[in-house]
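1. next input, structure requested:
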Amino acid sequence: QTNPAATTLIQNNINSSLLWDWNSALTPWGRAGVGAANKPRSGKTPTRKPFTNTTPENPMNLTAYIDYLVAWLEDQRRDLYHLDGYTLGVSGGVDSAVCAHLVARTGRPVHALMLPAAVSSEADLQDAEAVLQSAGLTGNIISIAPLYDLAMQQLAPVLNPEPERLNVLRGNLMARLRMVLLYTTAQSHRAVVLGTDNAAEVHTGYFTKYGDGAADVLPLAALRKEQVYEMARLLGVPQAVLNKAPSAGLWAGQTDEDEMGVRYSELDAFLRGEAVSAQAEKQIAWWHERSRHKRMLPPVPPAPEVL
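-> Model (predicted):
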């Protein structure tokens, strides 16, 4: 059974945030940290020939979509950004694993960083290394723990002594520090920074503003979590990565589903336009509404000449 309210909400989100042209490319939307227009310097939007028989009613299969995304990434790198390669963080999770495999297939230089914090597990780091090996890539391990400790020490005099959701505050700082390192690395190598957000994270705003939500391209943003897992299997992502519970790794024992209060299977069903439980629908709506600011550029007032 289709849930009309869910379908309407999804369509509104797609219309306002995620612009999909089935005959060209997935374009970045007007959200903080991401360019609002997908146009190269020539002013023309890069396009690719449509896959045969591909329409919204008859979408391509994921094997074909892998090839599409590899070509799409190259379109963005070459025609939009005019850069030489790619930079991404590899966490040991399935989203970054899929992104690593995709950029490995471009044949361009890839600068992969593993950026553990003090709260990161050794298992995640081992999984990240296994991902790089499976993709035929190499990477560097750079701990953000010293940077985090120094930042918290220097900020101590100005921070609220009793902030709301202290774990989230700390985790957001870690995510933003990681993106600072990724962008600095990318700039030094003339590389495009990959974001790893999927459709569930985009819709709920389950990412850190100007942290993992800041990127040049978001190749997984039109994929439900179930599709990310299926693509990971097709790409040969290590089984250990597929078996573990999704986690942002922002504090010890944290999992995405526990923090969001809704399961990815429910989010996927919702994004398919299907009915979900009243509690799941309420939780999804709550996350979506509170995160609208993450999917837009900062508001700008009109010029005085037009007032």
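2. which SSE is residue 87 in?
-> Per DSSP states H and E: residue 87 is located in strand 85-89.
3. which other helices and strands does that strand contact?
-> helix 94-104, strand 110-114, helix 166-189, strand 191-193 (3 or more CB pairs under 8 Å, 6 or more residues apart in numbering; DSSP states H and E). Heads up, the C-betas are built off the backbone N, CA and C, glycines and all.
4. export the ones you listed to TSV and tack on mean pLDDT, mean neighbour count and distance to residue 255?
-> Shown next, in TSV, are the helices and strands packed on strand 85-89 (pLDDT from 0 to 100; neighbours: other CB atoms under 10 Å; distance: least, CB to CB, whole Å):
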stretch	mean pLDDT	mean neighbour count	distance to residue 255
helix 94-104	98	25	13
strand 110-114	98	22	20
helix 166-189	96	18	13
strand 191-193	98	24	26
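5. which outside residues touch the strand holding residue 87?
-> Applying CB atoms under 8 Å, 6 or more residues apart in numbering, the contact partners of strand 85-89 are 73, 77, 96, 99-100, 103, 106, 108-115, 178, 182-183, 185-186, 189-194, 196, 212.
6. for residue 226, which of the helices and strands packed on strand 85-89 is the nearest?
-> helix 94-104 (10.9 Å; CB to CB).
7. give me the angle between that closest one and strand 85-89.
-> Orientation check (axes from the mean of the first three to the mean of the last three CA atoms, to 10 degrees): helix 94-104 against strand 85-89 gives 160 degrees.
8. parallel or antiparallel, list what pairs with the strand holding residue 87.
-> Strands that pair with strand 85-89, judged by DSSP bridges, come out as strand 110-114 (parallel), strand 191-193 (parallel).
9. buried stuff in that strand?
-> Neighbour counts over strand 85-89 (16 or more other CB atoms under 10 Å) mark 85-89 as buried.
10. mean pLDDT per helix and strand in the chain: which one sits at the bottom?
-> When the helices and strands of the chain are compared on mean pLDDT, DSSP states H and E, strand 26-27 comes out lowest with a mean of 30.
11. and the next helix or strand past that one?
-> On the C-terminal side of strand 26-27, the nearest following helix or strand under DSSP H and E is helix 62-75.
12. thanks a lot, see you next time.
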